[in-house]
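Engineer: turn this into a structure:
(2 chains)
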Amino acid sequence: MSVPQVLVASTGTANTASVLAAFMRLGCEVRTTQAPEEVRDAEFVVLPGVGALAAAMQQLEARELSGALRERVAAGRPTLAICLGMQLLGEASDESPGAPALGLAAFRSVQLDGDVRVPHLGWNRVEPDAGCALLEPGYAYFAHSFCVREVEGDVVAARTDYGAPFVCAFERGALLACQFHPELSGAYGRDLLARWLAKGGASC
Amino acid sequence: MLTVRMIPCLDVKDGRVVKGVRFQGLRDAGDPVECAVRYESQGADELVLLDVSATPEGRGNALETVRAVREQLGIPLTVGGGVRAARDAGALLDAGADKVAANTAAFERPALLTEIAERFGRQCAVLALDAARRGEGSTGGWEVVVRSGKERTGVCALEWAERAVRAGAGEILLTSWDRDGTGEGYDTELLRAVTERVSVPVIASGGASSAADCVAACEAGASAVLVASLFHDGVLTVDQLKSQLAESGVEVRP
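Structural biologist: Here you go, the predicted structure:
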């Protein structure tokens, strides 16, 4: 079995060192890329992201990565979206009104509210709905101010409670989107990344 | 439910972990990577690494230390020390930090926090706030201390906390100068005053010597507790402290 090849789509603002290190520890060959054809065709692709949604979308468009991402997700290739990366998959976000996101899943991101401190920083409980293949119950690390309350359509979700329940992750075949950071979630995150790789046919 | 984070702190000087009392009298406390790996395996929820080197050479070493720790560490890493511009923050993030903490430079130029928040997100911008109780005969309260505890500014710590959050800080690492390294417990009055004033998470720092201190910090509103001497000196392991917290009814990550 060959070593899994993982490419991290570079959105310019994202901090990728932790993602790279996590996949290296799993024995993968991993690097960042800005090449649309690589993002479209690679065995495994990660869409990380920090910062504001509009700025990240602008970078994806400028680098012609949005089309590449849409094509690879439509083709069912293993894709992992993390934090802002997950919010980028939706239709829009209250963080950047008027800026369309990738439109690969039916949701809009909204500001966290309720009687809680924002940003939501720290470890919180992940509760998968019935039918999740990759997501398991456990604690994961979060760092965000916007969230997704509900995803419509053919996805299975996991939920976390912070002020009110929100979608902390969802999966659709080999597409895995996490509001939390699997690369910073210790053994829980490492096992989740390993299951995602295994689902895409890798062994590690 | 969001759990309370237990955060070991590594003060790093010239590539070694050190620890002092009230920021002085530093003694060697081990290799940063070995400490980091040990604390993660014991159940640490996050790690803070403060570069206390005084020289540019020391700073270069710090980036190397961050890289080496990142390769091994699977939990969040906050790095502070010498962050004067957004590009310093960028260099630390590239090396493997997940959050950066700014102290003196942010105090002198609050726009630094805005720049970090705008470029990397506010969840990435941590204000390191060192606060000291005002002397006898004054109006009371706490004042901001900068330059590694060497300079009292006279500025109200609560007002600065509020301004820093407005400028872009997404978290406050709140150290009691009076309690740092003393084992006398966190300054819970200070914690309560700051957590009532701001809506971002606050990390309690300075003075922990028991689980009861950590419980008191949580009751005073802290979202996380920073612990250094207690762990470095092997008095308690992270998992021992966490299980004591759990027994006291504080939600921790198992």
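Engineer: end to end, how far does stretch B:111-131 reach?
Structural biologist: 20 Å (CA to CA, to the nearest Å).
Engineer: that stretch and chain A in contact?
Structural biologist: Yes. Part of stretch B:111-131 sits near chain A under the criterion CB under 8 Å from any CB of the partner chain, namely B:118-124. Where you see a C-beta, it was placed from the backbone N, CA and C, and this is true even at glycine.
Engineer: got the buried residues for that stretch?
Structural biologist: In terms of neighbour count (16 or more other CB atoms under 10 Å in any protein chain shown), stretch B:111-131 has its buried residues at B:112-131.
Engineer: where in the chain is pLDDT low?
Structural biologist: The chain I'm using is chain A. A:1, A:13-14, A:204 (pLDDT under 70).
Engineer: not what I meant, chain B
Structural biologist: B:20-25, B:54-58, B:136-138.
Engineer: show me which residues of it sit near chain A.
Structural biologist: Within chain B, the positions near chain A by CB under 8 Å from any CB are B:1-5, B:40, B:45-46, B:70-77, B:93-99, B:118-124, B:170-171, B:199-201, B:223-224, B:253-254.
Engineer: so A:Ala164 versus chain B, what's the distance?
Structural biologist: 12 Å (CB to the nearest CB, to the nearest Å).
Engineer: which ones are touching the nearest residue to that residue once chain neighbours are set aside?
Structural biologist: Distance criterion CB to CB, 6 or more residues apart in numbering or on different chains; nearest residue to A:Ala164, sequence neighbours excluded, is A:Gly114 at 5.4 Å. Shown in contact with A:Gly114 (CB atoms under 8 Å, 6 or more residues apart in numbering or on different chains): A:162-164.
Engineer: who wins for most neighbours among those?
Structural biologist: A:Tyr162 (22 neighbours; other CB atoms under 10 Å in any protein chain shown).
Engineer: phi, psi for the closest residue to that residue other than its chain neighbours please.
Structural biologist: Nearest residue to A:Tyr162, sequence neighbours excluded (CB to CB, 6+ apart): A:His120, at 5.1 Å. The phi/psi pair for A:His120 (degrees, to the nearest 10) reads phi -80, psi 100.
Engineer: same question for the one 5 residues further on.
Structural biologist: When read as degrees, to the nearest 10, the backbone of A:Arg125 gives phi -80, psi 130.
Engineer: OK, contacts around it?
Structural biologist: A:137-139, A:160-161, B:1.
Engineer: if I look at it, how far off is A:Leu89?
Structural biologist: With distances taken as CB to CB, to the nearest Å, A:Arg125 is found 23 Å from A:Leu89.
Engineer: and the residue nearest the centre of chain A?
Structural biologist: With distances taken as CA atoms, centre = their mean, A:Ala81 lies nearest the centre of chain A, 2.0 Å away.
Engineer: next helix or strand past the helix or strand containing that residue?
Structural biologist: Element membership for A:Ala81, per DSSP states H and E: strand A:79-82. Next along the chain after strand A:79-82, taking DSSP H and E as the criterion, comes helix A:84-88.
Engineer: what segments of the stretch 101-250 of chain B are helices?
Structural biologist: In the stretch 101-250 of chain B, the helices defined using DSSP state H, counting those that start in this stretch lie at B:104-108, B:111-120, B:157-167, B:188-197, B:211-219, B:229-232, B:238-247.
Engineer: I'd like these as TSV, with distance to B:Ser205 appended.
Structural biologist: Below are the helices of the stretch 101-250 of chain B laid out as TSV (distance: least, CB to CB, whole Å):
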stretch	distance to B:Ser205
helix B:104-108	16
helix B:111-120	18
helix B:157-167	13
helix B:188-197	10
helix B:211-219	9
helix B:229-232	11
helix B:238-247	15
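Engineer: neighbours of A:Ala133, how many?
Structural biologist: With other CB under 10 Å as criterion, A:Ala133 counts 14.
Engineer: contact partners for residue 192?
Structural biologist: No chain in the question, so chain A it is. A:Leu192 neighbours (CB under 8 Å, 6+ apart): A:134-136, A:176, A:178, A:182, A:185.
Engineer: correction: the question concerned chain B.
Structural biologist: B:220-221.
Engineer: just the one 5 residues further on next, same as before
Structural biologist: Contact partners of B:Arg197, counting by CB under 8 Å, 6+ apart, are B:158, B:161-162.
Engineer: same check on B:Ala222?
Structural biologist: Contacts of B:Ala222 (CB under 8 Å, 6+ apart): B:4, B:186, B:191, B:195, B:202-204.
Engineer: recalculate using a threshold of 10 Å.
Structural biologist: B:4-5, B:172, B:174, B:186, B:188, B:191-192, B:194-195, B:201-205, B:214, B:216 (CB atoms under 10 Å, 6 or more residues apart in numbering or on different chains).
Engineer: same check on A:Ser10?
Structural biologist: A:16, A:31-35, A:39, A:47-48, A:59-60, A:63, A:65.
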